[in-house]
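S.K.: Coordinates for the following, if possible.
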Amino acid sequence: MVLTPEEKIIKEFLIKCAITKKIVTYQNLSTVANLGLDMSLSKDRNTIGELLCNISRQEHKDGRPILSALVITANKKSQGDGFYKLCEELGYGEWQQLKQNEKFSKERIDECYEFYSKLKK
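M.R.: Alright, predicted model coming up:
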């Protein structure tokens, strides 16, 4: 699978977040990547979710951490349901149980930090 130009921009930004050990909200990610999406709109949440899923599927396939773990909702300060559904698709377990397990989310974030901090120059 080849990433779209938008997906490449998002991936590069999320790698920078991982290197600097930061997380980002969905809306801030949309702004930084010039996606022009409004996270109050369901269709825009679906759009950013698909972009993140495509990136994370590719990263997982290539043996790298799931970068979408670094993207959280502004109000709940956690990943959206799509993140957990993707994790279920990738074999981590049932998505609703994963969502209830705070340790699971933290482990995915820490995997990104650990993997990409090795690339820090």
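S.K.: so where's this structure shaky on pLDDT?
M.R.: For the chain, the stretches with pLDDT under 70 are 120-121.
S.K.: remind me, longest helix of it?
M.R.: As assigned by DSSP state H, the longest helix anywhere in the chain is helix 42-61.
S.K.: residue boundaries of the strands in this structure?
M.R.: In the chain, the strands defined using DSSP state E lie at 24-25, 71-72.
S.K.: Can you tell me which of those is most buried?
M.R.: Each of these was scored by mean neighbour count; the highest is strand 71-72, a mean of 22, by mean count of other CB atoms under 10 Å. C-beta coordinates here come from the backbone N, C-alpha and C atoms, glycine included.
S.K.: Sheet partners, orientation included, of that one?
M.R.: If you go by DSSP bridges, strand 71-72 pairs up with strand 24-25 (parallel).
S.K.: In CSV: the strands of the chain, plus distance to R45.
M.R.: Putting those into CSV (distance: least, CB to CB, whole Å) gives the following:
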stretch, distance to R45
strand 24-25, 12
strand 71-72, 11
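S.K.: count of neighbours near the residue nearest to K85 when sequence neighbours are not counted?
M.R.: Closest residue to K85 apart from its sequence neighbours, by CB to CB, 6 or more residues apart in numbering: W95 at 4.7 Å. For W95, the neighbour count with other CB atoms under 10 Å is 17.
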